[in-house]
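Asker: Take a look and give me a structure for this.
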Amino acid sequence: MGSPLIYLDDRPVPRDEVLLRARRAARGFDSIGVREGDRVALLLRNDFAFFEAQEAAAAIGAYSVPLNWHSKLDEVRYILDDATPKLLVAHADLLAPLRGHLPADLRIFVVPTPQEVQDRYGIGADAARPAAGDTIWSDWCDEFAPWDQAPKRSRATMIYTSGTTGHPKAVKRDAATPEQATAYIELMQRVYGLKTGVRALIAGPLYHASPNAYGRQALPTADVLVLQSKFEPEEMLAAIEKYRISHAVMVPTMFVRLLKLPPEVRARYDISSLKWVTHTGAPCPAEVKKELMEWWGPIVYETYGGSEVGTATLCAPHDWLAHPGSVGVPTPGTRIAFYGDDGKELPAGEIGEIYMRVPAYADFTYLNNEAKRRQIERDGLISCGDIGYLKDGFLFLCDRRSDMVISAGANIYPAEIEMVLLQCPGVQDCAVFGIPDEEFGESLAAAVQPLPGAALTAEHVRAFLAERLAKYKVPRRVDFHEALPREDSGKIFKRRLRDPFWQGTGRRI
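Answerer: Here you go, the predicted structure:
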């Protein structure tokens, strides 16, 4: 049998070839002075080069720092100034607008933008080509003999959090102990179901925490690993059928878009090979998950956690069907507690801010901002800013503390409203948030992205919600958008929708 294959859409490369180039790159990194604890920045869409550079950094004990390639110049420059990486590996088209604005001492390696990515994102051939004088990533790697030293202590990818307020922060973990490294691998196998011989698919961007962690585990184990250059629902179904995909990682937005495909399109593809789909990254409406499992079978697993704490819970399909809406039970050794506004721990069952600790993850600090970590820590546990409660041992989420709306003294959780609104015929996507209200302090607004051709009105949306929710949970304002500001990871930039309403009020922002 030949080497396991990694695909970028329909183009295969043997895994051994990717890992060989990664070992050559590790030797190259060492030759230019990259040492344990240093940083290697990646400005890459889904591509083989992402794995090569990330694996090379891991081999010599450096951190890889994936950059969100949706970011603007100032946002990229902020992260590069904060992380001070020794080098940057970038796709040619993503690098083009940054030229002349990067640190003078930053070593830059350029990856020609793949044809698949050009086609998906409408990138011209000129922009996809490296400029004269650029150091070409693959050519440079091939100059070195493979790295043959024992791997250094495991370091996680250094993920910059989304930055719902202020600048994003880098989660910098300590080097893992051997015990933690073993526990982490076991945990990833538990939540993703990955083992030797699986056929795995990644549709989300590798700069995001969950697809990144999934990719790192699938790379050494999967017989087939398919990277999609961009998520398209029907193309995902076609890939599942073509490559007999057994395992995948997704986000709820993908479920919504898949379920909105016409029935005849859904029926066109054989997805019977699917055995295990893990989702995370955002709350999943109960009706969406139920409908998906009626289509795909009871194969959908859910995890909850965050960049700071790791994977804190797992909800297997049969557990979710028995406890709809839950995000699962704590993963092995994980401790979860709830605290009220007074800072005191609450009894199980009461709604409070969730604090967690997962022992399979090495301890962390925020790079260049150790004081910030202390603001989210209580009794050795860390908060991701979410509100929830425990019932029969299962964790249920209400919303993010920062998104909670207080209107006329009532606490309102927009996530609950969004889950209902997504079921409204004609709605493709939505976000609900608080805006200033002279009478009530805050009132609710909904930003709605209709399906193409849908004839939605604000009155229709409010009437749909009024039949299913208490009156005070129905948004007073409904605005329609051709597209909502959302990352490929599925997370809406809700702040971009909310902030214009609060500017000049001296509040909320």
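Asker: what residue ranges in the stretch 351-500 of the chain score low on pLDDT?
Answerer: Counting by pLDDT under 70, the stretch 351-500 of the chain contains low-confidence ranges at 408-409, 439, 487-490.
Asker: where along it do the helices fall?
Answerer: 370-374, 414-421, 458-466, 494-502 (DSSP state H, counting those that start in this stretch).
Asker: now the angle from the last one to helix 414-421?
Answerer: This means helix 494-502. Helix 494-502 and helix 414-421 are oriented at 110 degrees to each other (axes from the mean of the first three to the mean of the last three CA atoms, to 10 degrees).
Asker: so where's this protein uncertain?
Answerer: Ranges of the chain meeting pLDDT under 70: 1-2, 162-166, 408-409, 439, 487-490, 504-509.
Asker: Tell me how it divides into domains.
Answerer: Here the domain parsing of the chain from automatic domain parsing is 15-152, 187-401, 404-502.
Asker: rewinding a little: so of the helices of the stretch 351-500 of the chain, which one's packed in deepest?
Answerer: Burial of the helices of the stretch 351-500 of the chain is given as mean neighbour count (mean count of other CB atoms under 10 Å); helix 414-421 ranks first at a mean of 22. In this view, the C-beta of every residue, glycine as well, is placed from N, C-alpha and C.
Asker: Check which helices and strands that helix is in contact with.
Answerer: Packing contacts for helix 414-421, counted by 3 or more CB pairs under 8 Å, 6 or more residues apart in numbering; DSSP states H and E, involve helix 286-296, strand 394-400, strand 427-437, strand 441-450, helix 458-466.
Asker: To residue 181, which of these lies closest?
Answerer: The closest of the helices and strands packed on helix 414-421 to residue 181 is strand 394-400. By CB to CB, the value is 26.3 Å.
Asker: Between strand 427-437 and that closest one, find me the angle.
Answerer: 60 degrees.
Asker: Name the nearest residue to residue 187, sequence neighbours excluded.
Answerer: Distance criterion CB to CB, 6 or more residues apart in numbering; nearest residue to residue 187, sequence neighbours excluded, is residue 360 at 4.5 Å.
Asker: In contact with the one you found: list those residues for me.
Answerer: 180, 183-184, 186-187, 310, 331-333 (CB atoms under 8 Å, 6 or more residues apart in numbering).
Asker: redo that, cut-off 7 Å
Answerer: Residues near residue 360 by CB atoms under 7 Å, 6 or more residues apart in numbering: 180, 183-184, 187, 310.
Asker: next one: the longest helix belonging to the chain to chain centre, how far?
Answerer: If you go by DSSP state H, the chain has its longest helix at helix 15-31. On the basis of CA atoms, centre = their mean, to the nearest Å, helix 15-31 sits 26 Å off its chain's mean C-alpha point.
Asker: count of neighbours near the nearest residue to residue 41 once chain neighbours are set aside?
Answerer: Leaving aside its chain neighbours, residue 41 sits nearest to residue 85 (4.0 Å; criterion: CB to CB, 6+ apart). Using other CB atoms under 10 Å, residue 85 is surrounded by 25 other residues.
Asker: Against residue 44, how distant is residue 94?
Answerer: Distance, residue 94 to residue 44, using CB to CB, to the nearest Å: 8 Å.
Asker: which of those two has more neighbours?
Answerer: Using other CB under 10 Å, the more surrounded residue of residue 94 and residue 44 is residue 44, with 28 against 21.
Asker: The more buried one and residue 50 touch, don't they?
Answerer: Yes - contact criterion CB atoms under 7 Å: residue 44 and residue 50 qualify, at 4.6 Å.
Asker: still on that earlier bit, how about the longest helix of the chain: buried residues?
Answerer: 15, 18-19, 21-30 (16 or more other CB atoms under 10 Å).
Asker: Including distance to residue 193, could those residues go into CSV?
Answerer: Formatted as CSV, the buried residues of helix 15-31 follow (distance: CB to CB, whole Å):
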residue, distance to residue 193
15, 19
18, 22
19, 22
21, 28
22, 25
23, 28
24, 32
25, 30
26, 29
27, 34
28, 35
29, 32
30, 35
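Asker: Name the helix or strand for the residue nearest to residue 61 when sequence neighbours are not counted, please.
Answerer: Of all residues not flanking residue 61 in the chain, residue 152 sits nearest, at 2.9 Å (CB to CB, 6+ apart). Under the criterion of DSSP states H and E, residue 152 resides outside all helices and strands.
Asker: Likewise for the one 5 residues further on?
Answerer: Under the assignment given by DSSP H and E, residue 157 is not contained in any helix or strand.
Asker: can you start the count at 13 instead of 1 from here on
Answerer: Sure thing, new numbering starts at 13, so read that last one as residue 169.
Asker: Sweet, I'm off.
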